[in-house]
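Undergrad: got a sequence here, can you build the structure:
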Amino acid sequence: MLRKPALLLCLALGLTVAGPGIGPALADQCYASGQTRAMVQSGQAIALSRVLGQIKAIGQIVSSDGLLCDVGGRLVYLIDVLSNGNVIHVQVDAQTGSINY
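TA: So this is what the prediction gives:
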């Protein structure tokens, strides 16, 4: 019964220890869900659902918001993934679908 609270505590500590990485605070601009939908519909960005399988192959997604942001002039989705006990900050290029972490 303690496993789930312990896992949540470890996850919270992992997020704290892992640091900010390339998160919304370091992005030039992040977009609301309506803006993201409009960008996908206009072809400026791919739908995040197209690469979810590849992201899940890395580990368990811990931030499910899939924030679309402008980072240095590039549109990227910012996602945190728990992999091998560590939180990894994953960037998905919203135009090509390539994944960096």
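
Undergrad: tell me how far the residue lying closest to residue 68 once chain neighbours are set aside lies from residue 61.
TA: What sits nearest to residue 68 in space, not counting adjacent residues and going by C-beta to C-beta, 6 or more residues apart in numbering, is residue 36, at 4.4 Å. For every residue, glycine as well, the C-beta is placed using N, CA and C. Here residue 36 is placed at a distance of 17 Å from residue 61 (C-beta to C-beta, to the nearest Å).

Undergrad: comparing these two, which residue is more hemmed in?
TA: Taking neighbours as other C-beta atoms under 10 Å, residue 36 and residue 61 compare with residue 36 leading, 22 against 16.

Undergrad: give me the secondary structure label for the more buried one.
TA: helix (DSSP: H, G, I helix; E, B strand; the rest coil).

Undergrad: pLDDT score assigned to it?
TA: pLDDT for residue 36: 95.

Undergrad: the one helix or strand in the chain whose mean pLDDT sits lowest: what's the following helix or strand?
TA: For the chain, the helix or strand with the lowest mean confidence is helix 3-18, at a mean of 38 (criterion: mean pLDDT, DSSP states H and E). Once the chain leaves helix 3-18, the next helix or strand it forms, by DSSP states H and E, is strand 29-30.

Undergrad: could you say what helices and strands that following strand packs with?
TA: strand 67-71 (3 or more C-beta pairs under 8 Å, 6 or more residues apart in numbering; DSSP states H and E).

Undergrad: direction included, what does the strand it packs on pair up with?
TA: strand 29-30 (antiparallel), strand 74-83 (antiparallel) (DSSP bridges).

Undergrad: show me the contacts for the residue nearest to residue 59 when sequence neighbours are not counted.
TA: In space, and not counting its chain neighbours, residue 59 is closest to residue 83: 3.1 Å by C-beta to C-beta, 6+ apart. By C-beta atoms under 8 Å, 6 or more residues apart in numbering, the contact list for residue 83 reads 58, 59, 60.
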